[in-house]
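>>> Below are the sequence and a predicted model; questions follow.
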Amino acid sequence: MNEVEWVKFQEEQYANTRSGDSSSAPTILEMVGEGKFVLDCGIHGGGVTNEIAKKNRVIGTDLLKVVEKFRGQYSFEYVACNACDLLFKDDVFDVVVAGDLIEHFMNPQRFLSEARRVLKKGGKLVIATPNGEHKAVTHCRFYTEETLRKELSELFTIERVVVNNALIVLAGVKR
């Protein structure tokens, strides 16, 4: 399956699922902080993003069919786009959030480069991903703390990592 087919597959899968809560939400909220301009990529049903939007200005993104399904649940601005092809100018956001997203990319470096591009200097990328191997048809890669650190360290200075049995949440700062 090529990357275009993979994105269409992801879009179909997530447009046909229910929105769930994320166990990473408290850590993500803490790492994001308050009073920031935030881009949240992969918003799905918007649960975590709605919480971020209570104390920040937020724009959320997800694939078109996902946004069309859940948009009535959003209390923030949103744009339908692929997180590997962000529709924003350079150096705009204080924080980019990617909760349960990076494991879906065939080419995560493409997303990381885009996130870095839209972040202001000193801006923060907050990523949450499952810890280790698990069964999910939409995941094309698995991360451990070590592999996630390695993936991000080329473009970001790692600021903080929180790990539990099921989850890794990492914050990196744009150099």
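It's in.
>>> what packs against the host helix or strand of Arg160?
Element membership for Arg160 (DSSP states H and E) is strand 156-163. Under the contact definition 3 or more CB pairs under 8 Å, 6 or more residues apart in numbering; DSSP states H and E, strand 156-163 sits against helix 145-153, strand 167-174. Just so you know, the C-beta spots here come from the backbone N, C-alpha and C atoms, and that holds for glycine as well.
>>> Quick one, which of these gets closest to Glu34.
With CB to CB as the criterion, Glu34 lies closest to strand 167-174 of those, at 15.0 Å.
>>> Show me which strand runs longest in this protein.
strand 119-130 (DSSP state E).
>>> Tell me the buried residues in it?
The neighbour-count criterion (16 or more other CB atoms under 10 Å) identifies 119, 123-130 as the buried residues of strand 119-130.
>>> what's the closest of these to Glu146?
The closest of the buried residues of strand 119-130 to Glu146 turns out to be Thr129 (CB to CB; 12.8 Å).
>>> That closest one contacts Tyr143, correct?
Yes - taking contacts as CB atoms under 8 Å, Thr129 lies within contact range of Tyr143: 5.0 Å.
>>> what is in contact with these two at once?
102-103, 168 (CB atoms under 8 Å, 6 or more residues apart in numbering).
>>> Who wins on neighbours among these?
When neighbours are counted by other CB atoms under 10 Å, Ile102 leads the shared contacts of Thr129 and Tyr143 with 26 neighbours.
>>> State the pLDDT value of that one.
Looking at Ile102, its pLDDT reads 93.
>>> Do I have it right that it meets Cys140?
No - the pair formed by Ile102 and Cys140 falls short of the contact definition of CB under 8 Å, at 10.3 Å.
>>> all helices of the chain, in order?
3-15, 25-32, 47-53, 64-70, 108-118, 145-153 (DSSP state H).
>>> got TSV for these, with mean pLDDT and mean neighbour count too?
Shown next, in TSV, are the helices of the chain (pLDDT from 0 to 100; neighbours: other CB atoms under 10 Å):
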stretch	mean pLDDT	mean neighbour count
helix 3-15	62	16
helix 25-32	92	19
helix 47-53	92	22
helix 64-70	85	18
helix 108-118	97	20
helix 145-153	93	16
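>>> can you put these in JSON lines and add distance to Asp91?
JSON lines is the format used below for these (distance: least, CB to CB, whole Å):
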{"stretch": "helix 3-15", "distance to Asp91": "26"}
{"stretch": "helix 25-32", "distance to Asp91": "18"}
{"stretch": "helix 47-53", "distance to Asp91": "20"}
{"stretch": "helix 64-70", "distance to Asp91": "25"}
{"stretch": "helix 108-118", "distance to Asp91": "7"}
{"stretch": "helix 145-153", "distance to Asp91": "19"}
